[in-house]
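>>> Quick one: sequence and predicted model below, then my questions.
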Amino acid sequence: MRDPRLQKLAQNLVEYSIDVQPGENVLLDMIGSDRELTKCLIEEVAKRGGRPFVETSDRSVLRTLLKHASKEQMELWSVLDLERMKNMQGYIAVRAGDNVNELAGVPEANMRLYDQVYRNPVHTEQRVKKTKWVVLRYPNASMAQLANMSTEAFEDFYFDVCNLDYAKMDQAMDPLQALMEKTDRVRIVSPGTDLSFSIKNIGAKKCSGHRNIPDGEVFSAPVRDSVQGKITYNAPSVYSGVTFQNIALTFENGKIVKAESNDTARLNEILDMDEGARYIGEFAIGFNPHILHPMNDILFDEKIAGSLHFTPGQAYEETDNGNRSAVHWDLVLIQRPEYGGGEIYFDDVLIRKDGVFVIPELEGLNAENLK
């Protein structure tokens with residue numbers, strides 16, 4: 001018997017997240033994920049009069065491909081997949097795998113080529129900017145292990161998070177979006193962090209289940225050259241199959257002038273990919289009430305209640321500060337007391353302390369009001 005939570009998830013993705021309309025082509029990009037969910041998604045797209053297309057793949061196969069692919073091969077791969085993406089109006093990606101570090105060991109030059117030649121034109125420029133899209137993970141034993149849960153407990157957590165009432169959350173985000181849109185100066189203070197920048201005239205965007213599942217953030221971007229000071233992230237982060245910890249970035253006039261981590265050499269290789277990788281493309285505040293601890297999966301970690309992320313690389317079109325890069329690396333700082341606490345100030349006014357919003361108009365985003 002099919003798990004009814006699975007059918008509800010598929011329905012939410014098709015009806016709410018990307019709002020499939022009759023005649024629209026929808027690519028279902030299923031990476032190591034569940035067959036039943038794939039079938040549910042096909043059925044739900046068809047119910048709405050859409051045309052589902054399916055691709056299935058596996059990260060261990062991708063790893064082998066990336067190790068052996070030539071530049072000419074990647075260029076042709078990009079041309080073919082870009083043409084397909086241009087014919088899609090919707091895109092749903094469900095990603096799962098047995099090993100979060102599956103791409104570790106792929107030479108950095110190959111990963112750079114993959115980012116620049118394939119991912120940037122196909123996904124950053126075409127899919128992100130020109131389709132209705134949503135991306136999510138699928139629960140398995142590997143993800144449960146990362147979350148320090150049993151598989152059964154993680155599945156319950158997963159469906160609580162993914163089937164949250166995102167329409168209710170969307171309404172609660174309005175005051176934060178409005179406040180960010182009229183804010184000039186931001187200051188972030190935490191252990192190892194004292195960072196200041198401007199978001200004046202950049203704008204703000206709500207994320208309430210239309211792009212990522214799980215969701216729960218409002219994002220903007222700093223004025224490109226305005227970032228000053230230091231930030232020390234306290235959540236681990238995977239990039240190109242490598243897990244980084246204790247990343248600390250120092251800024252002068254917007255540019256990362258010093259970068260340290262458990263693998264400082266590899267970190268700086270990533271930040272040297274292009275000029276824009278050493279500037280920030282996104283600043284976001286996270287508040288999903290069910291996500292409390294990092295699990296080395298950015299789709300969950302960037303939504304942690306009481307968190308923020310400050311992202312080297314490409315800016316989003318909706319909050320564009322002009323930064324361009326093949327990199328977009330969401331790095332997370334959690335400010336709840338058990339992670340060291342911290343404050344966020346907008347124009348010298350304290351708006352969040354130790355992960356809790358402290359001004360009346362934002363209290364609707366605190367955990368007790370979103371569950």
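Okay, I see it.
>>> what is residue 52 paired to in the beta sheet?
residue 26 (DSSP bridges).
>>> which ones are touching it?
Counting by Cβ atoms under 8 Å, 6 or more residues apart in numbering, residue 52 touches 26, 28, 41, 42, 45, 46. All C-beta spots, glycine's among them, are computed from the backbone N, C-alpha and C.
>>> try 10 Å
Under the criterion of Cβ atoms under 10 Å, 6 or more residues apart in numbering, the neighbours of residue 52 are 14, 20, 24-28, 38, 41-46, 90, 92.
>>> same thing with residue 284?
180, 204-205, 207, 217-221, 302-303, 307-311, 316, 319, 330, 332.
>>> Find the helix or strand that it is a member of.
strand 280-286 (DSSP states H and E).
>>> So for that strand, mean pLDDT?
Mean pLDDT, computed over strand 280-286, is 98.
>>> Show me what the helix or strand that it is followed by is packed up against.
The helix or strand immediately downstream of strand 280-286 is helix 298-301, counting by DSSP H and E. With contacts taken as 3 or more Cβ pairs under 10 Å, 6 or more residues apart in numbering; DSSP states H and E, helix 298-301 sits against strand 132-137, helix 151-162, strand 212-213, strand 237-239, strand 307-312, strand 332-334.
>>> what secondary structure does residue 121 sit in?
helix (DSSP: H, G, I helix; E, B strand; the rest coil).
>>> That one contacts residue 114, doesn't it?
No: at 11.5 Å, residue 121 and residue 114 do not qualify as touching, with contact defined as Cβ atoms under 10 Å.
>>> Quickly list what's touching both of those two.
residue 78.
>>> which of these two has more neighbours?
Using other Cβ atoms under 10 Å, the more surrounded residue of residue 121 and residue 114 is residue 114, with 22 against 17.
>>> tell me the phi and psi of the closest residue to that one other than its chain neighbours?
Spatially, and ignoring its direct neighbours in sequence, residue 114 is nearest to residue 66 (5.8 Å; Cβ to Cβ, 6 or more residues apart in numbering). Residue 66 has phi and psi values of phi -70, psi -30 when expressed as degrees, to the nearest 10.
>>> ok, residue 66 - contacts?
Neighbours of residue 66 in contact, by Cβ under 10 Å, 6+ apart: 74, 103, 105, 106, 107, 110, 111, 113, 114, 118, 240, 241.
>>> now do residue 134
Counting by Cβ under 10 Å, 6+ apart, residue 134 touches 12-14, 16-18, 90-94, 209-213, 215.
>>> Mind doing that once more with 8 Å?
If you count contacts by Cβ under 8 Å, 6+ apart, residue 134 has them with 13, 17, 18, 91, 92, 93, 209, 210, 211, 212, 213.
>>> Also residue 69?
Here residue 69 is in contact with 77, 110, 114 (criterion: Cβ under 8 Å, 6+ apart).
>>> Now it. Its backbone dihedrals?
Backbone torsions of residue 69, given as degrees, to the nearest 10, read phi -70, psi 140.
>>> just the strands in the stretch 1-150 of the chain please.
25-31, 51-57, 90-95, 132-137 (DSSP state E, counting those that start in this stretch).
>>> buried stuff in the second one?
Judged by neighbour count using 16 or more other Cβ atoms under 10 Å, the buried positions of strand 51-57 are 52, 53.
>>> can you check the last one too?
Of the residues in strand 132-137, those scored as buried under the neighbour-count criterion (16+ other Cβ under 10 Å) are 132, 133, 134, 135, 136, 137.
>>> I'd like to know which of those residues is nearest to residue 345.
If you rank the buried residues of strand 132-137 by distance to residue 345 using Cβ to Cβ, residue 135 comes first, at 31.8 Å.
>>> surely that closest one meets residue 95?
Yes: counting by Cβ atoms under 8 Å, residue 95 is a contact partner of residue 135 at 7.1 Å.
>>> what residues do these two have in common as contacts?
Common neighbours of residue 135 and residue 95, using Cβ under 8 Å, 6+ apart, do not exist here.
>>> do you know how far the closest residue to residue 45 other than its chain neighbours is from residue 293?
Leaving aside its chain neighbours, residue 45 sits nearest to residue 52 (4.2 Å; criterion: Cβ to Cβ, 6+ apart). The spacing between residue 52 and residue 293, counted by Cβ to Cβ, to the nearest Å, is 35 Å.
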